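Trainee: Provided below for reference: sequence and predicted model.
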Amino acid sequence: MAIEKDVHHWMLRKMLLSRRFEEAIKAAYMEGKSPRFNMADGPIPGEMHLSNGQEPCAVGVCAHLTDHDVVTATHRPHHIAIAKGVDLKGMAAEIFGKTTGLSGGRGGHMHLFDQAVNFSCSGIIGEGMGPAVGAALGRRLAGDEGIAVSFIGEGAANQGAFHESLNLAAVWNVGVVFVIEDNAWGISVSKRSSTAVASNAERAVAYGMPGVRVEGNDPEAIYSAAGEAVERARSGGGPSLLELSTVRLEGHFMGDAEQYRPREEMDGLSQNDPIPRYSESLAERGLLSAEDQENMEREAQDAVDEAMAYARESALPEVHEAYQCVFA
């Protein structure tokens, strides 16, 4: 699939924005957590799951989507949210638990919701798959071309929700694309120790849908594979399954000692960073100038600085607000 120059730039711009955002969130998260790490301390308490390294998965897929298309994501959602167009200031404020956040500070970073672009995520493994199938059915019943995309990690492919959702999507022949981000580690358990097949894309045939594995953590290869799956969904061809080989540059969560990870893998992480690799490839082919790169970097940093300032300056909720928006 041929890729226009402006699409290349869009993907790189979103990857840079995601990376700069997570760098800022990481720094803020670590405030007050040294010399003794306690995830309850600092301006952002609780767990924090960073997605750096997995940016190609988000941009390669979301480049084909509109605001009307539904996306459900995982507990590691920032890159997908940014690629889908979630409001950056609202997302930052939500992560800080502020009233100006996407959900008034009630959800935090694992439960981001932006109705304007039809994005949601959940901390429960595989939770977004069923709603994505329902959303795709709803779009079809409404007579429009909107589709749904459900992002999961490779560990979620061993959950019951995975098989139930693939089966129902195929039975109803709805326009949904299931995307597995395979970073090879489900928390501290390797894929090869927990999964009976080498590629979860092989499981698609059991549900009568195409299954494609994309190697290399390459935005262009992902874009091409996703384009076919999205077109199939939009044209009434039914669901597809994509498994994208990617890399988790950080631990499962901030503070993860990663003692389970082989040392040689840890030592090679910096060489597997997809952002410099992609930008260098574009530059070599004459698709990215030094000025383009500089402008993208500046724009990303400016947007992140604005979002972080907005989040820090926003008000914390009042105590009584804890009882609002709660349903028995």
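Mentor: Structure's in. What do you need? Everything numeric in this text was worked out from a predicted model, so none of it was measured.
Trainee: who touches the helix or strand hosting Q301?
Mentor: Using DSSP states H and E, Q301 falls within helix 290-313. Under the criterion CB atoms under 8 Å, 6 or more residues apart in numbering, residues 9, 12-13, 16-17, 19-21, 23-24, 28, 43, 88-89, 91-93, 95-96, 98, 100-101, 279, 283 lie in contact with helix 290-313. Any C-beta I mention is one placed from the backbone N, CA and C, and that applies to glycine too.
Trainee: by contact count, what packs against the longest helix seen in the chain?
Mentor: Taking DSSP state H as the criterion, the chain has its longest helix at helix 5-30. For helix 5-30, the packing partners by 3 or more CB pairs under 8 Å, 6 or more residues apart in numbering; DSSP states H and E come out as helix 55-62, helix 78-84, helix 88-95, helix 219-234, helix 274-284, helix 290-313.
Trainee: quick one on the thing from earlier: now the helix holding Q301 against helix 274-284, angle please.
Mentor: Between helix 290-313 and helix 274-284, the angle comes out at 150 degrees (axes from the mean of the first three to the mean of the last three CA atoms, to 10 degrees).
Trainee: buried residues in helix 290-313?
Mentor: D292, Q293, M296, A300, Q301, A303, V304, A307, M308, Y310, A311 (16 or more other CB atoms under 10 Å).
Trainee: give me the distance from it to the chain's centre.
Mentor: 20 Å (CA atoms, centre = their mean, to the nearest Å).
Trainee: now list the buried members of the contacts of helix 290-313.
Mentor: Neighbour-count burial (16+ other CB under 10 Å) is assigned, among these, to 9, 12-13, 16-17, 19-21, 24, 28, 88-89, 91-93, 95-96, 98, 100-101, 279.
Trainee: centroid-nearest residue for the chain?
Mentor: I80 (3.1 Å; CA atoms, centre = their mean).
Trainee: state the pLDDT value of that residue.
Mentor: pLDDT for I80: 98.
Trainee: please apply the same query to D256.
Mentor: pLDDT for D256: 88.
Trainee: Three-state assignment for it, please.
Mentor: When classified by DSSP: H, G, I helix; E, B strand; the rest coil, D256 comes out as coil.
Trainee: what's the burial count for it?
Mentor: By other CB atoms under 10 Å, the residues close to D256 number 16.
Trainee: I figured A135 was touching A148, is that so?
Mentor: Yes - in this structure, A135 is within contact of A148 by CB atoms under 8 Å, at 4.3 Å.
Trainee: what do those two both touch?
Mentor: With contacts taken as CB under 8 Å, 6+ apart, the residues that reach both A135 and A148 are V70, T72, V176.
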